[in-house]
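In: predicted model and sequence below, questions to follow.
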Amino acid sequence: LYPVFTELLNRNKLEQVFELEMGALPAVTECEVSGMPINIPTLNATFHKQQETQAEIFTKLKREAWNCAGVGNFNPYNTQQINSILGRYRIPTHNLTDELLANAGQELPFAKLLLSYRQVHRDFTLLRSWLDAVHPADSRIHTTYVQLLPNATGRLSSRSPSLQQLPHNTEYRGLFEAPADNVFIDADYAAIELRIAASRTQDENMRSTFMNGHDLHKLTAAAFTGKSIDLITPEERNLGKLANFKLLYGSSTKTLMEFASLQGSQLTQTKAMGLRSAFFRKYPAVKAYHRNKCDAKKNKVDFHFHTAEAGFQKMTLTGVRTASGRLRVWPDYNGSSCASFNELANTPIQGTGADILKRAMALIYKALLDKDWNDVRIINNIHDQLTIEAPKVKEDEIRSMLQTAMETAGKEFIDVPLVVDIDICQSLS
C-alpha cells in the first residue's frame, strides 16, 4: 500500500497536506490522551439536581396533558401524542422548534412545559454523557477527534463526548476546572475566517482594514448606514458583524432577517436587502469570489484514485483546495456536480482555517518538547481555538509562546495578519 498511497499523494498534489497532518498528529494525540479535568463532586451534584428538576417537570407535563387534552400515560417522546395535543389548539407541528413552543406557551401551559422539559432533558443528557465519559484512571474526560466527516473541510470534530460544543451556561462550563496550581490558557484566533477571506479574495477594503488593525464590522455597518465609522452604535456594529459572517458564504436576506431576530434586532426585508447590497458594494472582490465559486464547471480538477482491479485511474470532478493544497471533490450526478454553492465558497476558507490551526498545534507541540515542559499539555481544540493546561507559574511564558506559534502558523498560509486573543482562567466559565 505504501507505494500506492505515495503515488496518489503525488498525483493529487497532496504532499504538503500529508506533512501538515503528520505534523499535527502528536498534538492531536496529546489532546486525546491528556483529557479535560472536571470537578467530579460538583458534576455529580449538578447531575442529580437536574435529574430531580426533570422529574418534577415531567409530573407537571403529564398532568397538563390530561387536563388540556385527556391524554393519559403521556410520553414526552411520543410524537403522535404531542401532535394530537397541539393540534387541538391549531399549533403547527411539522417543525416543532423551541421558538414555536415558546410562542405557543404564552397561551398554552402544555407547550410551555414541553419546552421546559426539552431544555432540561438536553442538559440532563449532556451531564450524563460527561459522567459516563469520566475515565476511572485519572478522573478526566477523554474525547476522540475525527475529521472524515461530510463537510470534509479538514476541521477536527470531537465526539464521545463532544468537547467542542460546550454550552454557554456558565454553571456547566465551570465544571471544567484546572487542578490546584494549574490554569487553563485559551488561545483563540479572532475573526480568522474573515481574515482568510480577505487574503483569498484579495479584496482591498477588507485587506486594508485588517492590515491597519481597524474594525471590519464597523466598516460594514458604516457602508450600510452611510454614517461615519466613529458614529456607529453597538447595535449597528452587530448588524455589520452579522452581514460579514453570513454574507461571506452567500446567505440570503431571509437568513439575515432570521439571525437578526435571534439577536434581538428587527431587520425588515427592505433593510436586509440594503445590508446585502452594501456588503457587496463595499467588498467587490468577495462578490467576484462568489461568482467564481457559483460555477462548478470552473472548479474542475483531475482526481486520481486507485482500485485493486484497475490500478491507477483519473476522473475530472468539481473540486476546490485550501491554502495548504487540501483537496475536496464532489461527484457528478446525471451530468451535474453535487457540489453546492455554500460548500464551494465555504471549503477553501474554513479549510484554510483548519490548516492554520493544525500547523499551530504542530509548532506548539514542538516548542513544548524543545523546552522539556512535560507539565504543560494541549488539552482541547475547538476549530479556531486551543486550550492549554499549565502550571500557573509558567503562564506568562506560555502566553508568549502561543502568541508567536499561532501568528507564525498564519503567516505560512495567508498574507493578512492574524490576531490571537489569549485568556488565562481557572475554569472554563
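Out: Happy to help now that I have it.
In: would you confirm that N244 contacts E193?
Out: No. Using CB atoms under 8 Å, N244 makes no contact with E193, being 9.3 Å away. The C-beta positions use only the backbone N, C-alpha and C, and glycine is treated the same way.
In: show me which of these two is the more surrounded one.
Out: N244 (22 against 19; other CB atoms under 10 Å).
In: can I take it that that one is in a strand?
Out: No. Counting by DSSP: H, G, I helix; E, B strand; the rest coil, N244 is not part of a strand but helix.
In: for K282, see how far away it is.
Out: 10 Å (CB to CB, to the nearest Å).
In: find residues that contact each of the two.
Out: Taking CB atoms under 8 Å, 6 or more residues apart in numbering as the criterion, N244 and K282 both touch T220.
In: how about the strands in the stretch 301-429 of the chain?
Out: Under the criterion DSSP state E, counting those that start in this stretch, the stretch 301-429 of the chain carries strands at the ranges 311-321, 327-330, 332-333, 336-337, 377-381, 385-391, 420-425.
In: next: the stretch 51-200 of the chain.
Out: So, for the stretch 51-200 of the chain - with DSSP E, counting those that start in this stretch - the strands run 140-141, 144-146, 157-159, 182-189.
In: report how many residues lie close to V329.
Out: Neighbours around V329, by other CB under 10 Å: 22.
In: ditto for Y365
Out: Y365 sits with 21 neighbouring residues when counted by other CB under 10 Å.
In: cool, and the one 3 residues further on?
Out: By the other CB under 10 Å criterion, the neighbourhood of L368 contains 23 residues.
In: and if you look at I422?
Out: As a burial measure, I422 scores 17 neighbours (other CB under 10 Å).
In: same check on K293?
Out: Neighbours of K293 under the rule other CB under 10 Å: 22.
In: just give the closest residue to it, not the sequence neighbours.
Out: Excluding the flanking residues, the one nearest K293 by CB to CB, 6 or more residues apart in numbering is L344, at 4.1 Å.
In: all helices of the stretch 51-200 of the chain, in order?
Out: Ranges of helices within the stretch 51-200 of the chain are 79-87, 98-104, 109-133, 170-173, 192-201, based on DSSP state H, counting those that start in this stretch.
In: mind checking which of these is nearest G351?
Out: For those, distance to G351 was read as CB to CB. The smallest value, 9.3 Å, belongs to helix 192-201.
In: mind listing what's buried along that closest one?
Out: Residues of helix 192-201 classed as buried by neighbour count (16 or more other CB atoms under 10 Å): 192-201.
In: nearest to G274, of the residues you listed?
Out: L194 (20.8 Å).
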